[in-house]
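Chemist: Need coordinates for the following:
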Amino acid sequence: MLKPKYPTPDTYVPNTHTHAPVPVERPAPPAPAPARSGIADLARSNPAAAVAGVVVTGVVLTSMLLAVAITGLALSISGVVLLVLVRMLRQEFRR
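Modeler: Below is the predicted model:
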């Protein structure tokens, strides 16, 4: 049988080291971060941003609820229309 000859990869470097690897010293862990202020402190420092955040959150939640309500309404209307069509077709086949 024929044996394929694969080219040697460009990134291959044979391991020619015979001595043990040198241990790597790890740096000291970073100092702990200072305590952050809470949301109440941020609202006190910038009340306009707090009000804007509440308004934006309300707008997003309201739009999501409206989307769900509109989808439910559309599905209920299409269900009623399909029911009427099925009943009409049944009456046509009974004739």
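Chemist: average pLDDT across stretch 5-21?
Modeler: Across stretch 5-21, the average pLDDT comes to 71.
Chemist: cool, stretch 49-57 as well?
Modeler: Per-residue pLDDT values over stretch 49-57 give a mean of 91.
Chemist: Give me the residues contacting it.
Modeler: Outside stretch 49-57, the residues within contact range by C-beta atoms under 8 Å, 6 or more residues apart in numbering are L42, A43. Any C-beta I mention is one placed from the backbone N, CA and C, and that applies to glycine too.
Chemist: all numbers from here: first residue = 13
Modeler: Fine by me, first position is 13 from now on; the one you just mentioned is stretch 61-69.
Chemist: Run the chain-centre distance for it.
Modeler: Taking the mean of its C-alpha atoms, stretch 61-69 sits 23 Å from the chain's own mean (C-alpha atoms, centre = their mean, to the nearest Å).
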